[in-house]
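**Student:** Starting from these lines, generate the structure:
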Amino acid sequence: MGLLRQPTSDITKGVIWKQLLAFFFPLWFGTFFQQLYNTVDTLVVGRFVGKVALAAVGSTSVIVNLTVGIFTGLAAGAVVAIAQHFGARRWDEVHECVHTAMLLSILIGAFFMVTGFVLTPWALRAMGTTEEALPGAILYLRVYFLGMVPNVIYNMGTGVLRAIGDFRRPLYFLMAASLCNIVLDLLLVVVFHMGVAGVAIATICSQLLSAVLVVISLMRSEMTPYQLFPKRLRIYAQHPDDRCAHRPPVGDVQRLQYRHPGLHQLLWHRRCGRLDRLRQDGYHFLDDHYRYGPVHHHLCRAELRRRGV
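**Tutor:** Numbers count the residues shown, from 1 in each chain. Okay, the predicted model is just below:
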């Protein structure tokens, strides 16, 4: 499980061209492996099922590639927002952007799942799919759209990891999912003779695996501003009157960023005189850190008391 706890590199430091190449190659290979899902499905059904199944799966490639492009674009938007705050050392904004993005990925995935499931026959007929291949294509796409939620979660989660400088883990997770897809394709089609439905089930199972790995990786990023807490998933709205106009000095933020993430937010509440938010977030802060052990919990409480929170 060490891979899930791998520290990230600081992309704000070092040689620019090396950082660009370090970002480019994992992203390029990741795009290749993500496009590999539908390609492997097409090859397997063409080799072991027949021409009709091959035509059915092949006719869905345009829609599958379109959804991949949409989700990649959504993740790119999250990358921009999170990377800006991460580079500026605004840890609260990083925390809020991560949880907002992950909740949006669930909602958007659910929307695409329902919409795609309902509109699949209309979309395939509009594309001119032959009547012979239409039943298999509808079956494949409808099963594929049932896996939209983990698909969007993976893309958004990898966007979060890339935004904070982690290029390798998203690629490793996608490689593991692609290998899982190949194995399940052969197992469900060759051994269990499930045909088009088998390759579709293999695809959503592999996407589920990649989403689980990304979520576990974010949840295990302990003592970092991008650690994922499922109970904190919500849409954070940034209102002018809901922010303190005076930020703490950069030195304070840098000292607190990994020792006590979230502690500087309590200091901001105290500066703004917002005692209700101070008490509420203070209790959440202590509850979150209690699971790291009584000693760590005691140190956090002592740190809060020393700072007058």
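
**Student:** residue contacts, the residue lying closest to G116 once chain neighbours are set aside?
**Tutor:** Nearest residue to G116 in three dimensions, chain neighbours excluded: F145, at 3.5 Å (Cβ to Cβ, 6 or more residues apart in numbering). To be clear about C-beta, it is placed using only N, CA and C from the backbone, and glycine gets the same treatment. For F145, the contacting residues are 112-113, 116-117, 120, by Cβ atoms under 8 Å, 6 or more residues apart in numbering.

**Student:** try it again with 6 Å
**Tutor:** By Cβ atoms under 6 Å, 6 or more residues apart in numbering, the residues touching F145 are 113, 116-117.

**Student:** Please apply the same query to L228.
**Tutor:** Contacts of L228 (Cβ under 6 Å, 6+ apart): 218-219.

**Student:** where does it land in three-state SS?
**Tutor:** Judged by DSSP: H, G, I helix; E, B strand; the rest coil, the three-state class of L228 is coil.

**Student:** mind checking pLDDT for the residue nearest to G116?
**Tutor:** On pLDDT, F145 comes in at 95.

**Student:** in what helix or strand does the closest residue to A76 other than its chain neighbours lie?
**Tutor:** Distances taken as Cβ to Cβ, 6+ apart put G159 closest to A76, at 6.8 Å, once the chain neighbours are dropped. Using DSSP states H and E, G159 sits in helix 148-163.

**Student:** what does I70 give?
**Tutor:** Using DSSP H and E, I70 sits in helix 61-87.

**Student:** Show me what that helix packs onto, helices and strands only.
**Tutor:** Contact analysis of helix 61-87 by 3 or more Cβ pairs under 6 Å, 6 or more residues apart in numbering; DSSP states H and E lists helix 16-48, helix 91-126, helix 148-163 as its packing neighbours.

**Student:** Now do whichever helix or strand comes after the shortest one and helix 148-163, the angle between them.
**Tutor:** For helix 148-163, the succeeding helix or strand toward the C-terminus, using DSSP H and E, is helix 168-186. Computed with axes from the mean of the first three to the mean of the last three Cα atoms, to 10 degrees, the direction of helix 168-186 lies at 150 degrees from that of helix 148-163.

**Student:** Pick the most buried one from the helices and strands packed on helix 61-87.
**Tutor:** Mean neighbour count (mean count of other Cβ atoms under 10 Å) peaks for helix 148-163 among these, with a mean of 26.
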